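Novice: Any chance you can model this:
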Amino acid sequence: MTAIKDIYVLQPEGKTWPVPQDFDVNFNWEYDDGRAAMMGLYAKGKQMQWDAETRIDWSQEIDEDNPEQMPEESLPIHMADCYLKMSRQEKATVRRHFQAWQLSQFMQGEQGALICAAKIVTQVPDADSKFYAATQTIDEARHVEAYKKLLTKFKVAYPMTKPLQDLIDQTLRDSRWDMTYLGMQVVIEGLALASFGQIRDQAQNPLCAQVNAYVMQDESRHVAFGRLALRDYYPKLTQKERDEREEFLLEASYLMRDRFDAVELWQNLGLPIEECAKSMYESGFMEKFRNSLFTRIVPIVKDIGLWGEYIQKGYTEMGVIDYAKADVQALQDNDEDIAKQFDARQRDIQRVIDRAQVAAE
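Specialist: Numbering: from 1, shown residues only. Purely as a prediction, here's the structure:
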């Protein structure tokens with residue numbers, strides 16, 4: 001099995017990343033006291049556990065020139081002068097590295113989610129939240145495993161990008177338990193769902209599409225978890241406390257919109273950074289990504305009660321306020337339905353294989 005450390009094209013700074021913590025560990029003795037909706041989510045989390053080894057057919061191959069078999073316009077620099085002048089093989093190298101860079105951020109971000117979920121188990125005061133967060137912790141471990149397996153087929157991996165590291169660092173360092181929810185379950189999971197969805201819906205490679213579909217099925221439950229917990233908690237806060245959280249949300253929204261520019265990727269490939277960053281920001285693919293991102297985040301922010309004048313003004317200036325009308329539950333239901341469709345397709349393929357084997361005997 002290929003080791004990730006052997007396919008990093010840029011070496012991370014050290015083998016580990018220590019993030020100092022300062023928070024109370026909360027025990028809860030009221031084991032029977034649980035919200036019906038939260039306990040229902042916990043039951044669903046238990047029932048929908050899956051094994052990345054067996055649910056996914058890892059024997060499926062990928063194309064070396066375009067591993068995910070994504071359309072050309074999915075590469076944000078596909079209209080940049082530097083890219084248009086490249087040979088076919090040079091373009092293939094850029095495509096493979098961009099896709100591997102993106103998947104690497106998924107893998108690194110899922111480890112961040114794993115640590116945040118474990119922190120929620122430790123810190124959150126409600127027993128029912130602890131129960132569900134325990135199921136999310138194993139979900140996130142499975143996601144790291146799945147993306148690691150997928151990246152080894154690419155034979156290329158990248159460290160965590162600085163903007164993502166900054167966002168996770170801020171989420172983990174805050175001692176308030178709800179800020180871990182807010183940073184991870186709302187902001188980072190919203191970012192992840194937007195990115196996963198583009199690959200799930202556009203990749204022609206069945207393995208890459210399948211991995212993202214199954215991860216999204218879990219992530220939709222995680223977002224629902226954050227919504228339930230925070231919707232109950234935020235009405236209890238003072239206006240000053242809600243304002244602080246709105247400021248964090250808006251800062252994180254700008255960070256995600258403007259700073260995921262893959263500078264380290266273009267630098268590693270020896271491409272003009274300014275030209276690539278400009279093309280990436282202006283590309284139609286990235287515009288669709290940003291739309292998908294805020295479709296996931298803005299209605300949840302409204303739903304959990306962080307919908308004061310400050311956040312509404314900020315989202316209006318960003319041009320994303322209309323996404324507050326999106327139906328989050330419909331998006332989550334769709335994520336689950338698509339994953340089930342992948343399962344059905346896999347079963348159909350297996351039935352064809354089984355019939356062929358019987359006929360050959």
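Novice: What ranges does the stretch 151-300 of the chain have for its strands?
Specialist: Counting by DSSP state E, counting those that start in this stretch, one finds no strands in the stretch 151-300 of the chain.
Novice: residue ranges with poor pLDDT in it?
Specialist: 259 (pLDDT under 70).
Novice: Show me where it has its helices.
Specialist: For the stretch 151-300 of the chain, the helices defined by DSSP state H, counting those that start in this stretch cover 162-173, 177-181, 189-202, 206-233, 239-259, 263-268, 273-282, 284-303.
Novice: what about the ones you listed, which gets the closest to Lys340?
Specialist: helix 206-233 (8.2 Å; C-beta to C-beta). In this view, the C-beta of every residue, glycine as well, is placed from N, C-alpha and C.
Novice: which residues touch the nearest residue to Leu191 once chain neighbours are set aside?
Specialist: Spatial nearest neighbour of Leu191, excluding adjacent residues (C-beta to C-beta, 6 or more residues apart in numbering): Met256 at 5.4 Å. Met256 is in contact with Pro163, Leu167, Val187, Leu191, Leu293, counting by C-beta atoms under 8 Å, 6 or more residues apart in numbering.
Novice: hmm, 10 Å instead?
Specialist: 163-164, 167, 187-188, 190-191, 194, 289-290, 293-294, 297 (C-beta atoms under 10 Å, 6 or more residues apart in numbering).
Novice: What of Arg173?
Specialist: Under the criterion of C-beta under 10 Å, 6+ apart, the neighbours of Arg173 are Val19, Pro20, Gln21, Asp22, Phe23, Met179, Thr180, Gly183.
Novice: next one: Arg221
Specialist: Leu41, Tyr42, Lys44, Gly45, Met48, Tyr132, Thr135, Gln136, Asp139, Gln332, Asp335, Glu336.
Novice: Enumerate the positions of the strand or helix carrying the fourth one that are buried.
Specialist: Same thing as Gly45. Using DSSP states H and E, Gly45 sits in helix 36-47. Judged by neighbour count using 16 or more other C-beta atoms under 10 Å, the buried positions of helix 36-47 are Met38, Leu41, Tyr42, Gly45.
Novice: so the first one makes contact with Asp126?
Specialist: So that's Met38. Yes. With contact defined as C-beta atoms under 10 Å, Met38 counts as touching Asp126 (7.7 Å).
Novice: tell me, what's touching these two both at once?
Specialist: Counting by C-beta under 10 Å, 6+ apart, the residues touching both Met38 and Asp126 are Tyr132, Ala229, Asp232.
Novice: okay if I get the residues you listed as a markdown table plus distance to Arg345 and neighbour count?
Specialist: Listed next are those as a markdown table, based on distance: C-beta to C-beta, whole Å; neighbours: other C-beta atoms under 10 Å:
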| residue | distance to Arg345 | neighbour count |
| --- | --- | --- |
| Tyr132 | 30 | 30 |
| Ala229 | 34 | 26 |
| Asp232 | 38 | 16 |
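Novice: coming back round to it: tell me the one of the contacts of Met256 nearest Tyr8?
Specialist: Leu164 (15.9 Å).
Novice: what about the closest one, how many residues close to it?
Specialist: Number of residues near Leu164 (other C-beta atoms under 10 Å) recorded here: 19.
Novice: cool, and Tyr254?
Specialist: So Tyr254, with other C-beta under 10 Å, has 13 neighbours.
Novice: My read is that it contacts Arg290, right?
Specialist: No. Counting by C-beta under 10 Å, Tyr254 does not reach Arg290; the two are 11.4 Å apart.
Novice: on that earlier part again, need the contacts of Arg173 in CSV with neighbour count, can you?
Specialist: Formatted as CSV, those follow (neighbours: other C-beta atoms under 10 Å):
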residue, neighbour count
Val19, 13
Pro20, 6
Gln21, 13
Asp22, 7
Phe23, 15
Met179, 17
Thr180, 25
Gly183, 25
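Novice: would you turn those into TSV with distance to Glu61?
Specialist: Converted to TSV, the contacts of Arg173 look like this (distance: C-beta to C-beta, whole Å):
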residue	distance to Glu61
Val19	38
Pro20	44
Gln21	42
Asp22	48
Phe23	46
Met179	43
Thr180	39
Gly183	37
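Novice: quick check, nearest of the residues you listed to Tyr158?
Specialist: Taking those together and measuring to Tyr158 by C-beta to C-beta, the closest member is Val19, at 20.1 Å.
Novice: Isn't the closest one up against Ile168?
Specialist: Yes. In terms of C-beta under 10 Å, Val19 counts as a neighbour of Ile168; the distance is 8.1 Å.
Novice: which residues are common contacts for these two?
Specialist: The contact lists of Val19 and Ile168 share Gly112, Ile115, where a contact means C-beta under 10 Å, 6+ apart.
Novice: quick one: which two of the contacts of Met256 are the most distant?
Specialist: Leu164 and Phe294, at 17.6 Å, using C-beta to C-beta across the contacts of Met256.
Novice: Give me the residues contacting stretch 15-24.
Specialist: So stretch 15-24 is contacted by 5, 108, 111-112, 115, 119, 122-123, 125, 159-160, 165, 168-169, 171-177, 180 (C-beta under 10 Å, 6+ apart).
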